Structure formats: structure tokens, C-alpha cells
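Peer 1: Structure, please.
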Amino acid sequence: MNNFKQNTSRRGSGGSSFHRGGNSSSNSSGGFSRRPSFSTRGGSRPPFRGGRGGGGGGRRGGFVFKGIDVSRYVNKAVITEEVVNFIPEHAFTDFAIDAKLKTLIVAKGYLTPTPIQDRAIPHVLRGSDVVGIANTGTGKTAAFLIPLINTALLNHKAKVLVMVPTRELAQQINDELIGFSRGLNIYSAVCVGGASIGFQLKELRRNPQFVIGTPGRLKDLIERKALVLSDFKTAVLDEADRMLDMGFINDMRQVLGLLPNPRHTLFFSATLSPQIEKLIGEFLKNPVRISVKTREILSTIEQDVIRVPKGAVKFDILHDLLLKPEFNKVLIFGRTKHGVDRLSKSLVEKGVKAESIHGDKNQHRRQKALDLFKRDHVNVLVATDVAARGLDIAGVSHVINYDLPGSHEDYIHRIGRTGRAGKKGKALTFIE
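Peer 2: Got it, this is the predicted structure:
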């Protein structure tokens with residue numbers, strides 16, 4: 001059933017600009033209205049252009065780009081064959097963990113560990129420092145939560161600090177923690193910016209075993225002496241590379257420096273950089289390095305481009321796509337906060353059930369938009385790159401790059417929101 005169409009009529013399909021394999025088109029805008037129902041001027045322009053062939057470069061909004069390699073957004077013509085299938089060494093029931101925890105893991109539908117879980121959990125259970133490198137969407141969260149919950153069950157005074165780059169990832173980890181520890185008397189506090197610090201102070205007074213937070217808010221709470229890290233013998237940095245990209249390197253170093261020695265430290269990331277390697281050298285002791293990164297893009301994600309013919313209106317092309325029944329849960333990426341809000345508003349005016357999410361929204365509004373999308377109360381979520389990493393939203397049928405990403409790495413993380421947990425997904429990129 002098409003959940004997008006509300007008092008709207010389907011346009012004719014002639015003049016479609018959806019081209020297979022990235023081939024250029026001789027079509028004009030036939031079938032699409034020339035009346036712009038959504039302006040692309042100002043904040044919502046794509047960050048770089050380069051003609052149909054991807055040549056040409058330029059500067060826009062402080063960014064410099066050398067052009068677009070359209071072939072990097074297309075994999076429809078590529079036939080891949082998985083030569084070596086991963087065979088886990090363990091089942092979840094094999095791990096040396098509490099029987100009640102095993103029951104909760106099975107109740108959540110976890111039967112066979114993913115590669116990062118299979119490799120990392122035994123080392124974390126033994127108390128080894130771990131550097132885990134794995135693609136987005138491969139189960140890094142459970143790889144550290146399951147063994148650390150078991151540690152908390154063995155010693156209720158054990159405390160774990162989990163540091164993450166975004167509010168959404170912090171909340172998602174907490175939701176996973178609650179699911180794995182229901183009825184086990186394990187408590188947590190989420191400490192992030194954009195949310196009530198008063199509530200977080202109250203949660204910390206409950207003396208939770210897990211504190212999950214973003215670097216800025218954690219520093220604030222430490223300065224208020226509401227969070228004392230001398231009691232925390234375990235630290236986890238999740239999406240460490242993203243925290244580095246967002247300028248949190250000094251905050252990360254300061255927070256880690258306040259933890260006691262010896263301690264148990266885990267780094268999980270999709271990539272490594274010289275700065276992250278330096279942090280590892282400073283704060284981890286003889287870490288076990290686990291890399292199960294196999295390919296940049298999952299084979300479950302079908303990629304293609306959507307060319308915008310000269311004279312056509314990009315918004316109208318997008319709206320026509322969203323009328324198709326297969327576009328049932330769509331994450332759309334824009335470049336700017338203002339552009340994302342305008343696009344979401346324009347879609348709602350056309351009868352599309354849409355919400356938006358970006359860094360200027362407070363935590364309550366961001367979480368509400370995410371919850372509506374997760375529970376299928378809205379079918380379209382328009383987002384800036386705040387949603388490109390860490391978020392695990394089940395069943396996203398399509399990721400659409402309405403505005404081009406700032407880098408190929410950003411592209412990889414954006415489209416990684418679909419094709420998760422072995423399901424098929426599609427990633428479409430608008431090219432003007």
C-alpha cells in the first residue's frame with residue numbers, strides 16, 4: 001500500500017530522468033512541471049557540481065571540489081560473487097556469559113554473531129583492550145554491550161563510560177542496552193547536549209553502571225562534579241573516527257585522561273587515522289586489533305543516479321519517485337539545515353508524510369522525528385549528515401542523496417543506512 005499519496009495524483013511517467021547505469025540522457029523535461037515548487041537557491045544547493053560528465057570544479061559555500069565521478073554512485077551493472085562466506089566460530093549460547101543474559105539475547109532474535117561480534121566478544125570478556133574496525137551496520141554495539149553487561153552482572157559496582165559523537169547514537173546504544181538487560185537491575189544514563197541537564201543530573205545521582213554520552217556534555221558534567229570518572233574502570237569510544245571528524249579530539253583526550261589506571265578501553269570505528277592511532281597508543285594497553293572490514297559498500301545496496309534534465313524541477317522528480325509504492329521508507333540527505341527543513345515542509349505540503357532532523361533541532365524534537373520514522377508513522381525522513389553515521393533504522397528501503405555529499409566517505413556512510421542486516425536496499429543520487 002502506498003503510504004505517501006494523500007489527495008495527490010500520479011503524474012505521467014514520460015520524461016523520467018531515472019537512468020540506469022549512469023548513462024546520459026537526451027530527454028528533455030517532458031512529463032515534469034517547469035514550475036518550481038521547491039527552490040534550490042540558497043542553503044539547499046548541492047555542495048558541488050561538475051556537468052554531466054563529472055568534469056569541472058568550483059567553490060561553493062567554503063568547499064572546494066574537483067568534480068564528480070558518477071561511476072562511483074552506480075553499481076547496477078556490476079555482478080559480484082561472494083567467494084568466501086563468513087562462518088562464525090561461536091553461537092551466542094557458546095559465550096561464557098550469564099544464563100539470563102543469554103535468554104535476553106535470544107529473545108531479541110540474536111542467534112549467530114556477526115563477524116565483529118564473533119571476534120570481539122571473547123576478548124572483551126577476558127578484559128583485553130580492543131580496537132575493532134568494521135563497516136557501519138555490522139553490529140559493533142552488541143559486540144561491546146553484551147560482554148560489558150555480563151561484567152556488570154558479575155560486579156554491580158563496575159562502571160562503564162561510553163563516548164559517542166552524536167545524541168542519536170547515544171540514545172540508540174541506550175535502547176540496545178535496555179533490551180539486553182531487561183530485568184537484570186542494570187541502570188544507565190544518557191548524557192548529551194540539546195537535552196535537559198537537570199534530568200541528566202538526576203539520572204547520575206542514581207549511580208548508574210553505564211553512562212553514555214557525547215564529549216561536550218560529558219565534559220560539562222565533569223566540570224560540575226556531577227560525573228566523577230575515578231569510579232569508571234571501563235571506557236568505550238564508539239565511532240571514534242566520527243568524533244575526530246567533528247573536532248572532538250581534545251575533548252576525547254581530556255575525558256580519557258581522567259579515567260583511572262589500569263582500565264579496560266575499547267575503540268570501535270569504521271576507519272583509522274594517524275590521530276586515532278595516536279590516541280590508541282596513549283590510552284590502550286597492548287590492544288587486540290580486530291578488523292572485519294570487507295568492502296567499502298555492502299553488496300546488498302543497489303546504487304544508481306537520477307539525472308535532472310535541463311529545465312526540469314528537481315523537487316518534482318523526487319516527488320514522482322516517492323509516489324511509487326516501493327519507496328516505502330526513505331531517508332533523504334540534504335546538505336544544510338535550512339534546506340532540509342524547506343524540503344521536508346514542501347513534501348508535507350504535497351501530502352507526503354515527512355519529518356526532518358538536523359543539528360539545530362533540540363534532542364526532544366530530533367528523537368520524536370526519529371521515533372515517528374522508525375515506527376512508520378512517517379515514511380520519509382529528511383536529514384543532514386547528522387543521520388549518516390551510527391543510526392540503525394530497520395527497513396530503510398531507499399537512501400536518496402538529494403544534495404551531493406561532501407566526500408566519498410560521507411557518501412559511504414549515508415548509503416549505509418539501507419541494505420542492513422542482510423536486507424536489500426537502494427541508494428539513489430541526484431546529479432544535475
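Peer 1: The closest residue to residue 254 other than its chain neighbours: which element?
Peer 2: Distances taken as Cβ to Cβ, 6 or more residues apart in numbering place residue 219 nearest to residue 254, at 6.7 Å, with adjacent residues excluded. In short, each C-beta sits where N, CA and C put it, glycine included. Assigned by DSSP states H and E, residue 219 belongs to helix 215-223.
Peer 1: Return the list of strands paired to the first helix or strand past that helix going along the chain, each annotated with direction.
Peer 2: Next helix or strand after helix 215-223 toward the C-terminus (DSSP H and E): strand 234-238. Strand 234-238 has its sheet partners listed here by DSSP bridges as strand 160-163 (parallel), strand 264-269 (parallel).
Peer 1: Just name the most buried of these.
Peer 2: strand 160-163 (a mean of 26; mean count of other Cβ atoms under 10 Å).
Peer 1: Now do it: everything it contacts.
Peer 2: 144, 148, 151-152, 170, 173, 209-215, 218, 229, 232, 234-238, 243, 252, 255, 259 (Cβ atoms under 8 Å, 6 or more residues apart in numbering).
Peer 1: what are the C-alpha coordinates of it, in CSV please?
Peer 2: In CSV, the C-alpha atoms belonging to strand 160-163 read as follows (Å, rounded to 0.1, in the frame of the first residue of the first chain):
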residue,chain,number,x,y,z
VAL,A,160,31.3,1.8,32.0
LEU,A,161,31.7,5.1,30.2
VAL,A,162,30.6,5.0,26.5
MET,A,163,31.6,8.1,24.5
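Peer 1: what about whichever helix or strand comes after it, distance to the chain center?
Peer 2: Proceeding N to C from strand 160-163, the next assigned helix or strand is helix 167-181, under DSSP H and E. Relative to the chain's own centre, helix 167-181 is displaced by 14 Å; criterion: Cα atoms, centre = their mean, to the nearest Å.
Peer 1: Same question for stretch 87-106.
Peer 2: 26 Å.
Peer 1: How about stretch 151-158?
Peer 2: 30 Å.
Peer 1: likewise stretch 199-213?
Peer 2: Per Cα atoms, centre = their mean, the centroid offset for stretch 199-213 relative to its chain is 24 Å.
Peer 1: What are the buried residues along that stretch?
Peer 2: In terms of neighbour count (16 or more other Cβ atoms under 10 Å), stretch 199-213 has its buried residues at 200, 203-204, 208-213.
Peer 1: Closest one of those to residue 292?
Peer 2: The nearest member of the buried residues of stretch 199-213 to residue 292, counting by Cβ to Cβ, is residue 212 at 23.7 Å.
Peer 1: That closest one and residue 172 touch, don't they?
Peer 2: No. Judged on Cβ atoms under 8 Å, residue 212 makes no contact with residue 172 at a distance of 9.5 Å.
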